[in-house]
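Participant: Sequence and computational prediction follow.
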Amino acid sequence: MWKEKAIRLGLLGSASVSVIAVALIFLFLFREGGEFLVSPGIGKLFDTRWIPVSFVNERYGLYPLLTGSLLVTFLATAIAVPFGVFGAIYIAEIAKPREREFLKPFIEILAGIPSVVIGFFGLIILAPIVKSVFGLYSGLNALSGAILLALMAIPTIIAISEDAIKSCPKSYRQASLAMGASRLQTLWRVVLPSSLSGIVAAVALGMGRVIGETMVVLMVTGNAAQITLSPLESVRTMTATIAAEMGEVAFGSDHYRALFIVGIVLLVFTFGLNVFSRSIYRRFGNKS
Amino acid sequence: MKSNRAETLFNWAMRLVTYSITAVIAYIIFDIIRNGIGVISWEFLSGFPSNGGAEGGIFPAIVGTVALVTGAIIVALPLGIASAIYLTEYGKQGKFIETVRLAIVTLAGVPSIVFGLFGLGLFVLYFDFGASIIAGSLTLALMILPTIIVTSEEALRAVPRSYREGSLALGCTQWTAIRTNVLPYALPGMMTGAILGIGRAAGETAPILLTVAAFFLPTLPNSIFDQVMALPYHLYVLATQHPDIELVRPMQYGTALVLLVIVLVFNLGAIILRSRFQKKFKSLH
């Protein structure tokens, strides 16, 4: 009997690793970055400029990084949602079974392409296109980043939206068709509204992926830390800031701690989106 | 008649959207193969980089990526499978299981660069491993843990209840029932998670940026406490940091192709394995 107990305990211990890991992530981000909040002080973060290396006055304002991340994320979502949702509708409702068997894994492959390869593709192929289409000096801007990020979010949005559309009970459709509604009306007025919560969850999850993505934005958004709403301007996201600057800072310096604060902000954002998406999915998920 | 026409139009619009996505995917892969294939040679795969990465090969980066991924999977696979067994077979609905599930979802959503920061704080600095294979592998292991747990759980759930009951009815203990009558059938499904994890770990750049990767090392690593080069990082540096970016373009494409092939082969393997596994159990439920 003791053997059974030991095994059970071992498995329990393994299951706890995830919990411990999450706790450690929060703990160590605060351990390395927390001091910044006291000295030089949390007020330094509420500033409009990010100039971490300066002979005169270092400034650690998060606003340009926040607006950079948000601009790219919203643009990417705006591009990804129609493609993702329409793609899901097509795969779930319109495509023939054999077509579906090809489309699903093919789009899944997109999710597997390493982000650095997508960034590389963007740098060489997409950025010059954006540059010439809009007549810009450089194609490295928020729009280029957003297009690539949309591409990376689309598989997530398609997979989860398709699940949601498929989980709409058959009886709903039958009732609608029996009332004389066309297939299109049924889809628009019955199936989509009933799977809306799942689609919203899918989009939130996709946004979480987008805001946390590093390599693509580091390679193609130009990385100028400025506050702008224009898709054609160069921006610098929170993720890219950490990746670009962490290699060159002195451990324990204000700059080092500020980068960990950026990490905490990022973590809070993605955590929030995740919990949001999970709670919607749960509340409305099971209808049948 | 009118609504029929609207429907046809609508179907074609949806079809267009969907196939435009696949066209972009196909083009990315095609572009990298077309420009990278000419660079691939035995010297490229087995040689060291020379002349600042402009010539020579990428052998140390391949070795580094293999080392990192091996380390990550050695840690994450047993942990992930054990977690999944506990969650599906032992755990009762309650506070603990709830917490574990929330933790898994959270872990799955942590941005890769934040994993890098965490790995830097915990493994590189606090445990004082320095920038090393072990620090990078452990960071990657935590990153792929949720994937492995979730797919292993699915695999366990797919095994019919009666398999367990048959064994328990003969007087077996719970563990014996799991070991002899559940795990062997769930194993192929679990491998799907492992393969997906390998693919992800091989392709990630941000976590290893802060915990292990070096752009150029003259020798291969001797121990797990050494730094290594890695394919994704090598591509990143060649594509953005190199002083003469046009000159090293062939090397960039070659590296991108090798990385893409490694990752896609693993992903494709996972997809095939999964569909075979699902078909096998569909008839039993």
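Facilitator: Thanks, I have the structure now. Just so you know, these numbers come straight off a predicted model, no measurement behind them.

Participant: So what's the residue count around residue A:151?
Facilitator: Each residue near residue A:151 was counted by other Cβ atoms under 10 Å in any protein chain shown, and the total is 25. Placement of C-beta: from N, CA and C, glycine included.

Participant: hang on, isn't it packed against residue A:118?
Facilitator: Yes. Using Cβ atoms under 8 Å, residue A:151 is in contact with residue A:118, at 6.7 Å.

Participant: Find the closest residue to chain A in the stretch 151-285 of chain B.
Facilitator: When scored by Cβ to the nearest Cβ, the stretch 151-285 of chain B has residue B:203 as its residue closest to chain A, at 2.9 Å.

Participant: What is the burial count for that residue?
Facilitator: Residue B:203, neighbours per other Cβ under 10 Å, totals 26.

Participant: now residue A:35
Facilitator: Residue A:35 has 16 nearby residues by other Cβ under 10 Å.

Participant: same question, the one 3 residues further on
Facilitator: Counted with other Cβ under 10 Å, residues neighbouring residue A:38 total 9.

Participant: what helices or strands is the one helix or strand residue B:183 maps to leaning on?
Facilitator: Here residue B:183 sits within helix B:183-203, counting by DSSP states H and E. Under the contact criterion of 3 or more Cβ pairs under 8 Å, 6 or more residues apart in numbering or on different chains; DSSP states H and E, helix B:183-203 touches helix A:97-112, helix A:115-121, helix B:59-85, helix B:133-158, helix B:231-240, helix B:249-282.

Participant: from the chain's centre, how far out does that helix sit?
Facilitator: Distance of helix B:183-203 from its chain centroid, counting by Cα atoms, centre = their mean, to the nearest Å, is 9 Å.

Participant: Report the rounded mean pLDDT for that helix.
Facilitator: Here helix B:183-203 scores 90 as its mean pLDDT.

Participant: Hey, what's the angle from that helix to helix B:231-240? Just curious.
Facilitator: Interaxial angle, helix B:183-203 versus helix B:231-240 (axes from the mean of the first three to the mean of the last three Cα atoms, to 10 degrees): 20 degrees.

Participant: neighbouring contacts of the next helix-or-strand element following helix B:183-203?
Facilitator: Moving toward the C-terminus from helix B:183-203, the next helix or strand (DSSP H and E) is helix B:206-211. For helix B:206-211, contacts defined as Cβ atoms under 8 Å, 6 or more residues apart in numbering or on different chains pick out A:115, A:214-215, A:239, A:243, A:246-247, B:68, B:111-113, B:115-117, B:119-120, B:123-124, B:131-132, B:135-136, B:139-140, B:143, B:230, B:232-233, B:236.

Participant: go with 7 Å
Facilitator: With Cβ atoms under 7 Å, 6 or more residues apart in numbering or on different chains as the test, helix B:206-211 has contacts from A:214-215, A:243, A:246, B:68, B:112-113, B:115-117, B:119-120, B:123-124, B:131, B:135-136, B:139-140, B:143, B:230, B:233.

Participant: count of neighbours near the residue in the stretch 1-150 of chain A that chain B sits nearest to?
Facilitator: Residue of the stretch 1-150 of chain A nearest chain B, by Cβ to the nearest Cβ: residue A:114 (2.9 Å). Residue A:114: 24 surrounding residues under other Cβ under 10 Å.
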